[in-house]
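Chemist: Need a 3D model of the following:
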Amino acid sequence: MIVRLVIFLAASLLASGPLRAEVYELPPDGFDVIGAVATVTASHEDTLVDIARRHGLGYQDIVRANPDVNIWLPGEGTEVLLPTRFVLPPGPREGLVLNLAEYRMYFFPPAEEGRPSFVYSYPISIGRMDWETPLGETKIVAMAKNPAWYPPQSVRDEHAADGDPLPRIVPPGPQNPLGTRALRLSLPGYLIHGTNRPAGVGMRVSHGCIRMFPEDIEFLFQRVRVNTPVRIINAPVKLGWDGEALVAEVHPVLESPQPLVDASLQQIEKLDADVELPDPELHSREPLTQITERFIDVTSERAGQLDWGLVELLVERSDGIPEAVGISIKNAATSAASE
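Modeler: Reported below is the predicted structural model:
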């Protein structure tokens, strides 16, 4: 298991912004699991949302991991499970990878010579069902500090219908829903940005953009650049290796699909000719089918065997907490893909 690292970056490494960031050392090729599950004890003033934010988790993360704990009054002395172990998302480990089903972003910065490689992981909010966040490959095309918000007419119409009219321009400040930082994507109209309502991070609440905790977007803002590749996927099932163990992580399937947007895709620059776009039909497949497909992928060069009883229990739970569901085997001919 790769032990979770909490890196305290020296002030000399940072020109400005936060002095602390949680990161994970990137495992070597053939290993796919980072972090470790932990517990903390709630104090009398804590909410689960408070605890989640302190530990790099979002609303769905903490609630699914603690189904029997009151969200707003967990109670002093209550043990709270922190689901801070993750199977890395499938595909290239570069740039930003946003897994909508997981409500989570992974940032793979370029490796620095002579230093270990790291991956950052952040909770995110995604578009609600009537304002889908699209899937696909895109990139950062612009970056802004303290951005003004120009709400589109559709959003202004929605607010007006609710008796909450919006101005044409919302200046920077505490009323600006973009927060203090924004990253514009080549998907027209879509941003990765902060928020003035951090309690909603880790939920499906936005108009399609990706929201982050203010401290997370400010930290990320210092480390990404224009043209950083961004890959948006919908992978409720992840499967990977942790030593000799096959580990699965299962999240609930999103209630409605996150389609590839044809009009937007025409404007996306292809970032890597060897990388396939996410499959727009993946959301409709049953989790067991997805696990079978992922099993075929992760055992293409290393044979393994699944315990389907454990797989079924994990799918039934669908709480996002990774569990070992199989092992490596020496003889590829005995692989359990058909069991």
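Chemist: Contacts only, for Ala101.
Modeler: The contact partners of Ala101, by CB atoms under 8 Å, 6 or more residues apart in numbering, come to Asn234, Ala235, Pro236, His251, Pro252, Val253, Leu254, His283. (Each C-beta comes from the backbone N, C-alpha and C, glycine too.)
Chemist: Quickly note the distance from the third one to Val250.
Modeler: Computed as CB to CB, to the nearest Å, the Pro236 to Val250 distance reads 7 Å.
Chemist: Quickly list what's touching both of the two.
Modeler: What both Pro236 and Val250 touch, as defined by CB under 8 Å, 6+ apart, is the set Pro287, Ser318.
Chemist: higher neighbour count, the two?
Modeler: Val250 (28 against 22; other CB atoms under 10 Å).
Chemist: ok, how many other residues are close to Gly58?
Modeler: Gly58: 25 neighbours (other CB under 10 Å).
Chemist: Return the residue spatially closest to it, with its sequence-adjacent residues excluded.
Modeler: Nearest residue to Gly58, sequence neighbours excluded (CB to CB, 6 or more residues apart in numbering): Gly202, at 1.8 Å.
Chemist: Can you classify the one you found by secondary structure?
Modeler: When classified by DSSP: H, G, I helix; E, B strand; the rest coil, Gly202 comes out as coil.
Chemist: what about it, how many neighbours?
Modeler: Gly202: 27 surrounding residues under other CB under 10 Å.
Chemist: I'd guessed it sits against Pro123; true?
Modeler: Yes - applying CB atoms under 8 Å, one finds Gly202 in contact with Pro123, separated by 4.4 Å.
Chemist: for this protein, what helix or strand is lowest in average pLDDT?
Modeler: Counting by mean pLDDT, DSSP states H and E, the weakest-scoring helix or strand in the chain turns out to be helix 262-265, with a mean of 35.
Chemist: Which strands or helices does the following helix or strand past it pack on?
Modeler: The helix or strand immediately downstream of helix 262-265 is helix 287-298, counting by DSSP states H and E. With contacts taken as 3 or more CB pairs under 8 Å, 6 or more residues apart in numbering; DSSP states H and E, helix 287-298 sits against strand 237-242, strand 245-250, strand 304-306, helix 308-317.
Chemist: Mean pLDDT for these - can I get that in a markdown table?
Modeler: Listed next are the helices and strands packed on helix 287-298 as a markdown table, based on pLDDT from 0 to 100:
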| stretch | mean pLDDT |
| --- | --- |
| strand 237-242 | 96 |
| strand 245-250 | 96 |
| strand 304-306 | 94 |
| helix 308-317 | 94 |
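Chemist: Any chance of JSON lines for the ones you listed, columns distance to Gln60?
Modeler: Rendered in JSON lines, the data for the helices and strands packed on helix 287-298 read as follows (distance: least, CB to CB, whole Å):
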{"stretch": "strand 237-242", "distance to Gln60": "15"}
{"stretch": "strand 245-250", "distance to Gln60": "13"}
{"stretch": "strand 304-306", "distance to Gln60": "26"}
{"stretch": "helix 308-317", "distance to Gln60": "14"}
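Chemist: Nearest to Lys330, out of those?
Modeler: strand 304-306 (10.6 Å; CB to CB).
Chemist: pLDDT below threshold where in this protein?
Modeler: Applying pLDDT under 70 to the chain flags residues 1-21, 128-132, 151-167, 205-208, 255-285, 331-339.
Chemist: Apply 80 and report the result again.
Modeler: 1-22, 127-134, 149-170, 172-173, 175, 204-208, 255-285, 331-339 (pLDDT under 80).
Chemist: Please enumerate the helices of it.
Modeler: Applying DSSP state H to the chain gives helices spanning 48-54, 59-65, 153-161, 214-221, 262-265, 287-298, 308-317.
Chemist: Check which helices and strands the last one sits against.
Modeler: Spelled out, it's helix 308-317. With contacts defined as 3+ CB pairs under 8 Å, 6+ apart, the secondary structure elements packing on helix 308-317 are strand 245-250, helix 287-298, strand 323-328.
Chemist: in the chain, which strand has the most residues?
Modeler: In the chain, ranked by residue count with DSSP state E as the criterion, the top strand is strand 136-145.
Chemist: Give the buried residues for it.
Modeler: Buried residues in strand 136-145, counted by 16 or more other CB atoms under 10 Å: Gly136, Glu137, Thr138, Lys139, Ile140, Val141, Met143, Ala144.
Chemist: So what's the gap between that strand and the chain middle?
Modeler: Relative to its chain's centre, strand 136-145 lies at 17 Å (CA atoms, centre = their mean, to the nearest Å).
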